[in-house]
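Engineer: missing the sequence, but the structure's below:
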């Protein structure tokens, strides 16, 4: 029987929920907004399958990739719509061209992040672009297993722990399964995301009350982009587009911040609102078992400046021979150069390094759940929590100076 003694013991992959033969495991959201499994002990038959499929209990060995690439999609339009170099779209199209299935993270009608699948290239647009919220896997592992047993090719994309969960759930290797994980900094709280989105919608209507009908307002959202390239790839922006009709005319309202100024992105990148298990991630450094890992090649300006055009470059880590064979199908549709592993991860430590929780993380969530904290205070709460003391500012300045001198 799966038992979560510490919050760090569960990455939220949901493999245990889907594999349980008695369906006696459900998910419950905690006070931080993360889902954890709850076992109905009256229905449990102690078969132990939930423990066997858990990627935290059963971790793989770390390993380095067999090949490291800097790559970009030759289709400039697709690359513009993608978070980095648009390589995921090419991988997915390759599978779809063979009557395959592609799974990925997408928004539902409440603008929550969930997992879904598509059998068409048109459906890939929902999976394109970063989504900095933990997705709900739902029945995706079960659905993928059905397609695999039908001998259809399946490309399953997700965070490293989700790929590790899928592999454990399946309990066998499939030649027709291809997995792609997104190098992950960590997954932010869905609860904080809901509160932040509600705040934006309320402010757009000139309201500051938690009692306003945010659910109705979410139906008017036209799109959300965590990584808009309207201000460039390296200085990307967070954007929310709202559409509404007034006097018969359709107006589009855009909420946009450069990521460094956006309060949700600040909370995410400062490690303030990540899932506890992210700080002891069970799937980094190749432990997920994926065939290919993809991310932004943030150090490309140092490694190969001639390849950098600030439109997005993908870091592609080929993990297996199967992944290498899949990437070879993209030869005519992508531009790429091979680079070294150490230099590629210089500014992409998320592949092999876990992040430490923000020292005020516990204070933040305690305050967030205080009865006195109103919906519209989420921005103030994040700002106040992230305020640095004078000592911290001096230390930060010293570190920046040392890094600057080191580059000279």
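Structural biologist: Nice, I can see it. The structure presented is a predicted model; accordingly, all values stated were derived computationally and were not measured. Numbering: from 1, shown residues only.
Engineer: distance-wise, check residue 10 relative to residue 386.
Structural biologist: Residue 10 sits 27 Å away from residue 386, going by C-beta to C-beta, to the nearest Å. C-beta coordinates here come from the backbone N, C-alpha and C atoms, glycine included.
Engineer: who has more neighbours, the two?
Structural biologist: residue 10 (25 against 15; other C-beta atoms under 10 Å).
Engineer: for residue 117, what are its contacts?
Structural biologist: Neighbouring residues of residue 117 by C-beta atoms under 8 Å, 6 or more residues apart in numbering: 101-104, 140, 143-144.
Engineer: give me the beta-bridge partners of it?
Structural biologist: residue 103 (DSSP bridges).
Engineer: roughly how far apart are it and residue 105?
Structural biologist: 11 Å.
Engineer: got it, and residue 25?
Structural biologist: Applying C-beta to C-beta, the value for residue 25 to residue 105 is 22 Å.
Engineer: and for residue 224?
Structural biologist: Relative to residue 105, and taking C-beta to C-beta, residue 224 is found at 12 Å.
Engineer: cool, residue 274 as well?
Structural biologist: Taking C-beta to C-beta, one finds residue 274 at 17 Å from residue 105.
Engineer: how about residue 309?
Structural biologist: 27 Å.
Engineer: got it, and residue 131?
Structural biologist: With C-beta to C-beta as the criterion, residue 131 and residue 105 are 5 Å apart.
Engineer: now the common contact residues for these two.
Structural biologist: residue 113.
Engineer: still on that earlier bit, more neighbours: which of residue 25 and residue 105?
Structural biologist: Taking other C-beta under 10 Å, residue 25 and residue 105 do not tie; residue 105 has more neighbours (24 against 20).
Engineer: from residue 256, how far out is residue 225?
Structural biologist: Counting by C-beta to C-beta, the gap from residue 225 to residue 256 is 9 Å.
Engineer: common neighbours of the two, please.
Structural biologist: Joint contacts of residue 225 and residue 256 (C-beta under 8 Å, 6+ apart) are 237-240.
Engineer: residue 184: which of the residues you listed is nearest?
Structural biologist: residue 238 (18.1 Å; C-beta to C-beta).
Engineer: from what I can see the closest one touches residue 257, true?
Structural biologist: Yes. With contacts counted by C-beta atoms under 8 Å, residue 238 reaches residue 257, the gap being 5.3 Å.
Engineer: overlap in contacts of those two?
Structural biologist: Common neighbours of residue 238 and residue 257, using C-beta under 8 Å, 6+ apart, are residue 265.
Engineer: so which of the two has more stuff around it?
Structural biologist: Using other C-beta under 10 Å, the more surrounded residue of residue 238 and residue 257 is residue 238, with 21 against 17.
Engineer: strands along this protein, start to end?
Structural biologist: For the chain, the strands defined by DSSP state E occupy 25-29, 35-39, 67-73, 101-107, 113-118, 154-158, 177-182, 221-228, 237-246, 249-258, 292-296, 314-318, 334-338.
Engineer: ok, residue 378 - contacts?
Structural biologist: 192, 195-196, 199, 263, 368.
Engineer: which of those residues fall within helices?
Structural biologist: Mapping the contacts of residue 378 onto helices (DSSP state H) picks out 192, 195-196, 199, 263, 368.
Engineer: in JSON lines: those residues, plus distance to residue 289, pLDDT and neighbour count.
Structural biologist: As requested, the ones in helices among the contacts of residue 378 are exported to JSON lines (distance: C-beta to C-beta, whole Å; pLDDT from 0 to 100; neighbours: other C-beta atoms under 10 Å):
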{"residue": "192", "distance to residue 289": "30", "pLDDT": "96", "neighbour count": "23"}
{"residue": "195", "distance to residue 289": "35", "pLDDT": "93", "neighbour count": "22"}
{"residue": "196", "distance to residue 289": "33", "pLDDT": "93", "neighbour count": "23"}
{"residue": "199", "distance to residue 289": "39", "pLDDT": "88", "neighbour count": "20"}
{"residue": "263", "distance to residue 289": "36", "pLDDT": "94", "neighbour count": "19"}
{"residue": "368", "distance to residue 289": "35", "pLDDT": "92", "neighbour count": "21"}
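Engineer: count of neighbours near residue 330?
Structural biologist: Residue 330, neighbours per other C-beta under 10 Å, totals 18.
Engineer: with adjacent residues omitted, what lies nearest to it?
Structural biologist: Counting by C-beta to C-beta, 6 or more residues apart in numbering, residue 90 is the residue found nearest to residue 330 once chain neighbours are left out, at 4.7 Å.
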